[in-house]
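**Q** dropping the sequence and predicted coords here.
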Amino acid sequence: MSEEKITIHLTVNGRPMQGKAEPRCTLVDFLRHELRLTGTHAGCEHGVCGTCTILVDGEPTRSCLMFAIQAEGREIWTVEGLGQEGKLNPLQASFRKHHALQCGFCTPGMLMSATALLKKCPKPSAEHVRDALSGNVCRCTGYTPIVDAVIEVSQRQI
Amino acid sequence: MKPQAFRYLRPQSLEEALAALSDTEADIRPIAGGQSLVPMMSLRLAAPSTLLDLGSISSLRGIRVDESGWLVAGSMTTHSDFEHSEIVGRHFPLLPMAMESVAHMPIRSRGTIGGSLAHADPAGDWPALSVACEAKLVLSKQGAARAVMADEFFCGIFSTVLEPDELLTEIHFPLWPSNRRWGLQKFARRRGDFALAGAIVLLDVEDDGRVAWARIVVNGATEMPTVLSELAAGLEGKVPDASMVEALLDQVESSVDVRSDLHASTAYRKELVRVMIRRALQQALPALEREHE
């Protein structure tokens, strides 16, 4: 057993950062409680709801299914890295335009899953978008506006 | 919903990992992608005192074809690696197709073949795929290794022949003959969920339409991947037609031990097994489907 805190070094949204955590601290708790990046949400905490999805070395990853200590030296992108304070990025703006959120709890995960998809596949079909977002649960929107938002932003990017 | 405290080890080499595991008194649990183990720890269904993270052992991740023509995958190869591997797509078109329905992208990017096999979830995809493909599993321990066929690796629900000091290190797949056809069916209530029932059919079909060799495996509905050898034997040497298939499927219902849980009853799963096998056979032999209609 070890409750001793260990220093973890990683890059978050392009900036080198460090913080301390016990081995049992999940990456989502580390981001929220230690680095105070509360944009990433903790939902079910067992890998089902998708709201904690972030990018780890470019790959969409459940941050509740990874321990912070496993992120040593990794490059992390969270929802805070998408836009700037007061300025939404095109994907976020498209979510706003299409009313792709109501309560907003699932939105950080939706945005990061969609970001990962668009990076790999800049012009996805609606079916492809649905597949890529199938691991993210939304209880408000019925998903259609979310799919519309991702499709529209993909058509705008050249 | 928070895991119990544990000691964390991150070996840099296989030798170092096997040395740590050789202390069988220590309650050490290897962690691969963690996509099943971390939820179990969060729900306190598992509380290992030491976690042995295999993530830094680069020799355990990757796919190659060895000198005897077998496809060899390291146990830390992820579902995404299989999904996007050119070698796998060329030699085993079944596998990338199967990976597309393994949970969701963020799970596939970390989940591994070795973790899935060692976890031995009855509804898991890799246990059934490895049994269907007659894969050979290499179990290593300090100073020794043994090979076990996939259908001898599983002992029951979440149970395998792995000893506490052993690590699943490699999975070897014999290459397919050029006349092999396949069908893969999986029924889940939502996309990416574990299968309530699934079936994999592999058939070597001669030019005259005769089935020279067959292997049929069901999962999800059974405690572990189950090989239906009688059904396969019933197809071998014949040119299957729809009525022959239905007669063989009648026998399957009585010979497969189907489980029941809160997700589905035995009766429902039995019917699903039948439909999954029929559809997988139709996928492998499109002529059957036309006849069935």
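**A** On my side now, so go ahead. Numbers count the residues shown, from 1 in each chain, chains lettered A, B, ... in the order given.
**Q** show me what from chain A comes close to chain B.
**A** A:1-3, A:6, A:22-24, A:26, A:29, A:45-47, A:50, A:53, A:56, A:59-62, A:64-67, A:69-70, A:113, A:116-117, A:131-132, A:134-135 (CB under 8 Å from any CB of the partner chain). C-beta: built from backbone N, CA, C; applies to glycine.
**Q** repeat that for 7 Å
**A** Within chain A, the positions adjacent to chain B are A:1-3, A:22-24, A:45-47, A:50, A:53, A:59-62, A:65-66, A:69-70, A:113, A:116, A:132, A:134-135 by CB under 7 Å from any CB of the partner chain.
**Q** only whichever of those are buried, select them in ChimeraX.
**A** Written as a ChimeraX command, the selection of buried residues from those, which uses 16 or more other CB atoms under 10 Å in any protein chain shown, is:
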select /A:22,23,24,45,46,47,50,53,59,60,61,62,65,66,69,70,113,116,132,134,135
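**Q** from the residues of chain A next to chain B, which land in strands?
**A** Using DSSP state E, the members of the residues of chain A next to chain B that fall within strands are A:Thr53, A:Glu59, A:Pro60, A:Thr61, A:Arg62.
**Q** ok, the residue in chain B that chain A sits nearest to - how many residues close by?
**A** With CB to the nearest CB, the shortest gap between chain B and chain A falls at B:His104, namely 2.6 Å. Applying the criterion other CB atoms under 10 Å in any protein chain shown, we find 24 residues in the vicinity of B:His104.
**Q** wait, it sits on A:Ala132?
**A** No. Counting by CB atoms under 7 Å, B:His104 does not reach A:Ala132; the two are 8.3 Å apart.
**Q** for burial, what's the neighbour tally of the closest residue to B:Ala199 other than its chain neighbours?
**A** Distances taken as CB to CB, 6 or more residues apart in numbering or on different chains put B:Met276 closest to B:Ala199, at 3.9 Å, once the chain neighbours are dropped. By the measure other CB under 10 Å, the count of residues near B:Met276 is 27.
**Q** same check on A:Asn136?
**A** Residues within reach of A:Asn136, counting by other CB under 10 Å, total 26.
**Q** correct me, but it touches A:Cys106?
**A** Yes. Contact between A:Asn136 and A:Cys106 holds when scored by CB under 7 Å: they sit 5.9 Å apart.
**Q** for B:Ala123, which non-adjacent residue is closest in space?
**A** The shortest distance from B:Ala123 to any non-neighbouring residue, by CB to CB, 6+ apart, is to B:Phe194 (3.7 Å).
**Q** residues touching the one you found, list them.
**A** B:Asp121, B:Ala123, B:Ala188, B:Gly220 (CB atoms under 7 Å, 6 or more residues apart in numbering or on different chains).
**Q** state the distance from it to B:Pro122.
**A** Applying CB to CB, to the nearest Å, the value for B:Phe194 to B:Pro122 is 9 Å.
**Q** can you list residues touching both of the two?
**A** Counting by CB under 7 Å, 6+ apart, the common neighbours of B:Phe194 and B:Pro122 are B:Gly220.
**Q** okay, now the residue lying closest to B:Val161 once chain neighbours are set aside: neighbour count?
**A** The shortest distance from B:Val161 to any residue that is not its chain neighbour, by CB to CB, 6+ apart, is 5.8 Å, and that residue is B:Phe153. Residues within reach of B:Phe153, counting by other CB under 10 Å, total 23.
**Q** list the beta-bridge partners for the residue nearest to A:Glu34 when sequence neighbours are not counted.
**A** Nearest-residue entry for A:Glu34: A:Gly19, 3.9 Å, with adjacent residues in sequence omitted and distances by CB to CB, 6+ apart. Beta-bridge partners for A:Gly19, by DSSP bridges, are A:Ile8.
**Q** name the nearest residue to B:Tyr8, sequence neighbours excluded.
**A** For B:Tyr8, the closest residue by CB to CB, 6+ apart turns out to be A:Pro23, at 3.8 Å.
**Q** check which residues of stretch A:110-130 are buried.
**A** By 16+ other CB under 10 Å, the buried positions in stretch A:110-130 come out as A:110-118, A:124, A:128-130.
**Q** re earlier: can you confirm the residue nearest to B:Ala123 is in a strand?
**A** No. Inclusion of B:Phe194 in a strand is not indicated when DSSP: H, G, I helix; E, B strand; the rest coil is applied; the result is coil.
**Q** give the contact list for A:Trp77.
**A** Contact criterion CB under 7 Å, 6+ apart gives A:Asn13, A:Ile54, A:Leu55 as the residues in contact with A:Trp77.
**Q** for A:Thr38, see how far away it is.
**A** When CB to CB is the yardstick, A:Trp77 and A:Thr38 sit 16 Å from each other.
**Q** can I see the domain layout of chain B?
**A** As recorded under automatic domain parsing, the domains making up chain B are B:7-53, B:58-174, B:180-292.
**Q** no wait, chain A
**A** In terms of domains, chain A is parsed into A:6-81, A:90-156 (source: automatic domain parsing).
**Q** about what we covered before: A:Gln102 is nearest to which of the domains of chain B?
**A** Comparing those against A:Gln102 with CB to CB, the closest turns out to be domain B:180-292 (21.3 Å).
**Q** now for residue 43: which residues touch it?
**A** Let's take chain A. Listed by CB under 7 Å, 6+ apart, the contact partners of A:Gly43 are A:Cys49, A:Thr51, A:Cys52.
**Q** wait, chain B was what I had in mind.
**A** In this structure, B:Leu43 makes contact with A:His46, judged by CB under 7 Å, 6+ apart.
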